[in-house]
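>>> need the 3D shape of this:
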Amino acid sequence: MKEVQVTTKTITIPTYIPAAYETLPMFAENRVHQRSSGNPYPNPIVNEIHQDTLVDKQYQIISMENDYLYLEILPELGGRIYTARDKTNGYDFFYHQHVIKPALIGMLGLWVSGGLEFNWPIHHRPSTYLPVDTSIERQEDGSVTVWLSEHEPLDRMKGMVGIQVSPEKALFETKVRLYNRTDLPHSFLWWENAAVPVHKDYRIFFPPDVSYVHYHYKKATGGFPVMDEYFNTQDNRGGVDIRFHKNTEQATSYFCGPTSFDFFGGFDERKKTGVIHYASHHTSVGKKMFTWGYNRLSKAWEKALTDTDGAYAELMAGSYTDNQPDFSWIEPFEVKEFSQSWYPYKEIGEIQNANGKLALAVEKNTVGIYPVENLGKVVCTIFREKEVLYSGIMTLKATEPQQFTVENLTGYTELTIVSSSKEILLNHKPICKKDLAEVPAPRQDYLQPDQLSSAETCFSTGLHVAQYRDPIREPEVFWKQGLTFDPTHSGCLTGLGWYYLSHLRFKEAQGYLEQAYSSQCSLNPNPPSSQCLYLLALSLKYQGKADQAYELLNKGLWNRSGIATCGIIIAQIDACRGNYKTALEHLDYCEKWGGYNQKAKGLRVALLRKSGENEKALACAKALLAEDPLDFFTLNELSLLTGKGKTEKKPFESVHIDQIALDVASDYADIGLFAEAVVLLETLDSSYPMATYLRGYFSSNPGLFAEAAKKPENFCFPSRRWELLALTEATKQFPKEEKNWLYLGNLLYGICRESNQAEYCWEHAKTGVQALRNLAITRFKKKSDDPTVPQLLLQARKKDPEHLQLLYEYLRVLELQGSECQFRLETWKSMGNLVTLRDDIYLQGIRAANQAKQWGEALELLKAHDFIPCEGGEHAIANEYLLANLGLGFEDLYKKDWDQAAIHFIANTMLPSNLGGGVWHSVMLVPYRFLVGICYKQRGRESQAMQAFEEIAQFPVNYFTSMYLPTFRLLRALALGELGQKDEATTILENLEKEYRQCLAAKDFGYFAATPFFEVFNETPEKARYIHFAYLLALCLLGQRKTEEATKVLDTLLIKDPNHCKAYLVKELIPLL
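Now for the predicted structure:
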């Protein structure tokens, strides 16, 4: 095949129709997603799953095909590669889904398994279930690149990946181009997530110099390929070869340690075929395998994600990242380009080395070579030091494996494959295992601000919090703490300036940045970096102080670090002044000395057009579009230059036309070309209010503000700087128009983090459903027991009685405010069938039943509903089942009915399948195993009791056993006591008491804990901390027979949280101890 065949066509895929997007803004500030912030604002989310309606749905796909590979790309679902097939044997080397069955795994909710998913700037990216823009590029050599592009919906950066297939190669390449089109630095990662079909005869392989793997956040580490550690949830003590998929029974992730090789992959031992990833290890540092394992949890997720396609694992390749989370920085206007390749292979087994031309396997005395392209005659030579063990000529044809035997291959030191033109196609030297790195200790938690002792450690910790997008803490508190040690610390001051700029709080940013710059210049008026100057100039420009900003920006040009950034903003100010020639001169300087700058290239086109140099502008536009065919600012310029915009309605097409148009219009506003911004926005046939607000602001036409306010409020979640200015002006022009205040409040709360100002806005927009609900959020945040909060939610519910999110939030607020549980249960029942439509709403009734000590009813409710798991939230359902059986068991304990109590506790070791999951870690079942041991002991079944206690003692004390079961160390101590190890048990309990008392007195610098759910109402950190550690302290005191002290702690705890079932159960048990 001389040319790659590319076709756009429609196919039919059975699809479970997902629920609609939630119309209310979701300010989920402490939501965790893949160990980073999962706060979705300004994006709508889906927080419910429907798997009751399966329809045949048509999707537009783009297929690519050469003699060796067949690919199908699905632009409608994040641009994932849906099908990747080896044509030589019919093998789908990526997991091929025959059904679209979304589940709650994505950053905004929906996610599907299978194929190859592209993720940035965070993992399981926000747009993984959203459509992307596409462009097809054909090269002269017959290769084809399908470009998939988006303005990612968190920071509005531009990400683009080109899937390239060449005629003569049995691989495809992913050519990535990331462009920070914004004026601030952002952290990012890039993971390509390939699903592969697995079974117990599948194996993964990392390069031969990899000696260890680690888990998310590097909180667990273990040896590779043989692991002898308790890793996350998996007990590998005694030695387990984790390359073999069958040996990982628990769901887990293995991120490979450092390597100097450029490949990894997987191999199906049954079908004798597999897949290889190849990319430079200098940028593609991440290599990972994730599996659901082989247990109840894996079966639940298989059911949730597919109908008939079975189990899968994920082989993930990360660039600029080796973990999740692990982020790098991309500077303002910076472009990063890099590539990766994937290809199927067969027959030769586990790979020892691979590149973009061939793969090598060496197993005992057998050598296997798999060529990816036609390499012709080659010479393969194998050495042991200077001795030639083998030298042979062979012809390598694409996809045709070569295998041969070499006697006495043990101890070979080098293998080379050289082409007929003397090109070294591969040079492989086996790894000496004794030289490999030892398994490092797991990463420890970072210290809190009041545990740090210097401004520098505060700065570096705050930087980590910012860079890793921490879900519960802001870098602000660390940098402010740093200033208590050194008020002139430029790092902390500059960090605060960046932080407030990112939250559109320009005056506050200016204050800190002026201090930072003054500090930098205290001894030297010419700092080595222009970053502080640049950020300070931005803070001034955004307050309308362009003249002051201009002076600082020109000083910023003194450093090369400032040319690419300061130069652009200088040119923007020149353009705003109408000085197009001067602006172009500054762009010349910027591009000549500051490096490649896509923002400058696009700006140049507009300025040349405004200067009347249309031919030059057209040439520049075409040159830039050859590099990035989906640069929408330049596409708009091309429309203006060619007159297309006068004859056709839209200057460009995009699947996200409203948001893209707002981005481009904002770019025009930045250079003072408001007329162009208005013309672009006028082409939109849109009901989106912000397009009209911006038209009104850019054209100084306040009448458009009134028009905008008449549009539907659903999904109007503004986030941009120009939107803030437009809405602020709208509230001045029309102070009685409620929607002006509603949208401004959304932006102030969701982006600016200005709760008080948002509350003021929503008080002025108080009659709508969204305004009433949003006002409840700010009131609750200010005072969590405010009685107006449930009243506001009730008012909203009366206006929209079937709005499920309002039902959920009302029930949640009732619980958080300590409403009587029987009242909550009756309220839940009064909602009728609505409570069955969402798992989290249904669960509220079960929680109320448990808290009302109606354990049997809770179990009946659990039995009557089929739950669908939510990743990270599976335990919310399991915990209610465990609690209900615990309650029944304790009631039997009170009666000293040991046998019946044991039956209830044993029931907790076998979770019903309808609960939609299991437990991630078996340590969560330790409390029930311990109680079973106590029951056995009371019945005289001593050996069985000791066996139960011994099982508990065998669990290691590590980060994960304590995370999944906060009471674990305490229960382990009690088990040790039962086993006769009294002294050790006493020491542990004494130390735990000290620890818990210290934790009770500690301060939270953010939220107490993260949640995987989209929660907008949360307990105060102080209350959450007290409830958590007071309960632990009470148990610890009881373990030491300090019953009077324990009773006092429990009494106080039940006053603060009258619905704390476990505290109640334990207190009732005290008289029997």
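
>>> helices or strands up against the one helix or strand Lys592 maps to?
Counting by DSSP states H and E, the element that carries Lys592 is helix 580-594. Here helix 580-594 is seen to pack against helix 560-576, helix 598-610 when contacts are counted using 3 or more CB pairs under 8 Å, 6 or more residues apart in numbering; DSSP states H and E. Placement of C-beta: from N, CA and C, glycine included.

>>> could you export it as CSV, CA atoms only?
C-alpha atoms of helix 580-594 as CSV (Å, rounded to 0.1, in the frame of the first residue of the first chain):
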residue,chain,number,x,y,z
TYR,A,580,0.9,48.3,15.0
LYS,A,581,4.3,48.9,13.5
THR,A,582,5.9,49.1,16.9
ALA,A,583,4.0,46.0,18.0
LEU,A,584,5.4,44.1,15.0
GLU,A,585,8.9,45.3,15.8
HIS,A,586,8.5,43.9,19.3
LEU,A,587,7.2,40.6,17.9
ASP,A,588,10.3,40.5,15.7
TYR,A,589,12.5,40.8,18.7
CYS,A,590,10.4,38.4,20.7
GLU,A,591,10.6,35.7,18.0
LYS,A,592,14.2,36.3,17.2
TRP,A,593,15.6,36.1,20.7
GLY,A,594,12.9,34.4,22.7
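
>>> Asp133 reaches Ser149, doesn't it?
Yes: at 4.7 Å, Asp133 counts as touching Ser149 under the criterion of CB atoms under 8 Å.

>>> for stretch 51-64, the distance to its chain's centre please.
Its chain's C-alpha centre and that of stretch 51-64 lie 25 Å apart, by CA atoms, centre = their mean, to the nearest Å.

>>> list the buried ones in it?
Residues of stretch 51-64 classed as buried: Gln51, Tyr59, Ile61, Ile62, Ser63, Met64 (neighbour count, 16 or more other CB atoms under 10 Å).

>>> and what of stretch 783-802?
Result for stretch 783-802 [16+ other CB under 10 Å]: buried residues Ser784, Asp786, Val789, Pro790, Leu792, Leu793, Gln795, Ala796, Arg797, Asp800.

>>> doesn't the fourth one fall inside a helix?
I take that to be Pro790. Yes: the assignment for Pro790 is a helix, going by DSSP: H, G, I helix; E, B strand; the rest coil.

>>> what angle separates the helix holding Lys592 from helix 560-576?
Taking axes from the mean of the first three to the mean of the last three CA atoms, to 10 degrees, one finds helix 580-594 and helix 560-576 inclined to each other by 170 degrees.

>>> so for helix 580-594, what's the average pLDDT?
Mean pLDDT, helix 580-594: 97.

>>> what residues of that helix count as buried?
The neighbour-count check on helix 580-594 (16+ other CB under 10 Å) flags Tyr580, Thr582, Ala583, Leu584, His586, Leu587, Tyr589, Cys590, Glu591, Gly594 as buried.

>>> next one: the nearest residue to the fourth one once chain neighbours are set aside from Val335, what distance?
Once flanking residues are discounted, Leu584 sits nearest to Leu607: 5.3 Å by CB to CB, 6 or more residues apart in numbering. Distance, Leu607 to Val335, using CB to CB, to the nearest Å: 20 Å.

>>> neighbour count for those two, which is higher?
Ranked by neighbour count (other CB atoms under 10 Å), Leu607 and Val335 place Leu607 first, with 25 against 20.

>>> check contacts around that one.
Ala571, Ala575, Tyr580, Ala583, Leu584, Leu587, Ile671 (CB atoms under 8 Å, 6 or more residues apart in numbering).

>>> ok now do Lys622, which residues does it touch?
Lys622 makes contact with Leu638, according to CB under 8 Å, 6+ apart.

>>> surely Arg824 and Ala848 touch.
Yes: counting by CB under 8 Å, Ala848 is a contact partner of Arg824 at 4.2 Å.

>>> now for those two: what residues contact both?
Common contacts of Arg824 and Ala848 (CB under 8 Å, 6+ apart): Leu811, Glu815.

>>> tell me which of the buried residues of stretch 783-802 is nearest to Ile393?
Comparing the buried residues of stretch 783-802 against Ile393 with CB to CB places Asp800 closest, at 77.3 Å.

>>> so for that closest one, what's the pLDDT?
Reported pLDDT for Asp800: 97.

>>> same question for the one 10 residues further on.
The model reports Tyr810 with a pLDDT of 99.

>>> distance of it from Asn833?
Going from Tyr810 to Asn833 by CB to CB gives 17 Å.

>>> of the two, who's got more company?
Higher neighbour count among Tyr810 and Asn833: Tyr810, with 25 against 6, using other CB under 10 Å.

>>> make sure the more buried one is indeed in a helix.
Yes: under three-state DSSP, Tyr810 sits within a helix.

>>> which residues does it contact?
Tyr810 is in contact with Pro790, Leu793, Leu794, Arg797, counting by CB under 8 Å, 6+ apart.

>>> can you rerun that using 10 Å?
Counting by CB atoms under 10 Å, 6 or more residues apart in numbering, Tyr810 touches 773, 776, 789-790, 792-794, 796-797, 824, 827-828, 831, 841, 844, 1017.

>>> that's all I had, so thanks and see you.
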